[in-house]
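S.K.: Provided below for reference: sequence and predicted model.
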Amino acid sequence: MERKAVNPWDWSIKLGYNQAEIITGASRQVICAGQTSVDSEGAPQHPGDMRAQVGLAIDNLEAVLKEAGMDLSNVVRLGVYATDVDEALKNFDLLGVRFGPHQVAPPMTLLGVTRLAIPGLLFEIEATALA
């Protein structure tokens with residue numbers, strides 16, 4: 001799979017994502033449900049702690065990708081939902097820490113929501129991955 005970033009301007013790169021990517025040579029696609037800060041039984045973790053919830057949601061995304069035979073380098077699109085956009089943005093460095101070593105900056109959308117499916121959850125991340 002080959003990726004080519006499309007950025008008519010560079011402001012999004014400073015935030016850690018490309019405006020678009022041209023993907024060629026992919027043969028397999030995985031669409032991941034939104035991952036949140038829950039344990040293996042689905043119980044919410046880290047109430048009130050956005051940073052810890054972001055970290056665990058990314059851990060859970062990585063676990064799903066691993067089960068599908070992929071990793072964060074395969075992610076070509078992210079959807080992020082947060083109950084507090086400003087607080088989520090303060091913790092976006094975690095996305096850079098996790099995606100940076102893979103040298104990818106997938107296009108992403110961040111949406112503010114009034115709540116997520118399970119009360120107490122603050123952050124959710126969904127992904128599309130290709131191989």
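M.R.: Received the coordinates, thanks. Numbering: from 1, shown residues only.

S.K.: Give me the buried stretch members for the helix or strand residue 97 falls within, please.
M.R.: Using DSSP states H and E, residue 97 sits within helix 93-99. Buried positions in helix 93-99, judged by neighbour count with 16 or more other C-beta atoms under 10 Å: 94, 95, 98, 99. From N, CA and C alone the C-beta is placed, and that goes for glycine too.

S.K.: Likewise for stretch 27-37?
M.R.: Buried-residue list, stretch 27-37, by 16+ other C-beta under 10 Å: 30, 32, 34, 35, 36, 37.

S.K.: Let's see which of the residues you listed end up in helices.
M.R.: The members of these all map outside helices under DSSP state H.

S.K.: Using a markdown table, lay out those together with pLDDT and distance to residue 77.
M.R.: Formatted as a markdown table, the entries for the buried residues of stretch 27-37 read as follows, by pLDDT from 0 to 100; distance: C-beta to C-beta, whole Å:
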| residue | pLDDT | distance to residue 77 |
| --- | --- | --- |
| 30 | 97 | 11 |
| 32 | 98 | 10 |
| 34 | 98 | 13 |
| 35 | 98 | 14 |
| 36 | 98 | 18 |
| 37 | 98 | 21 |
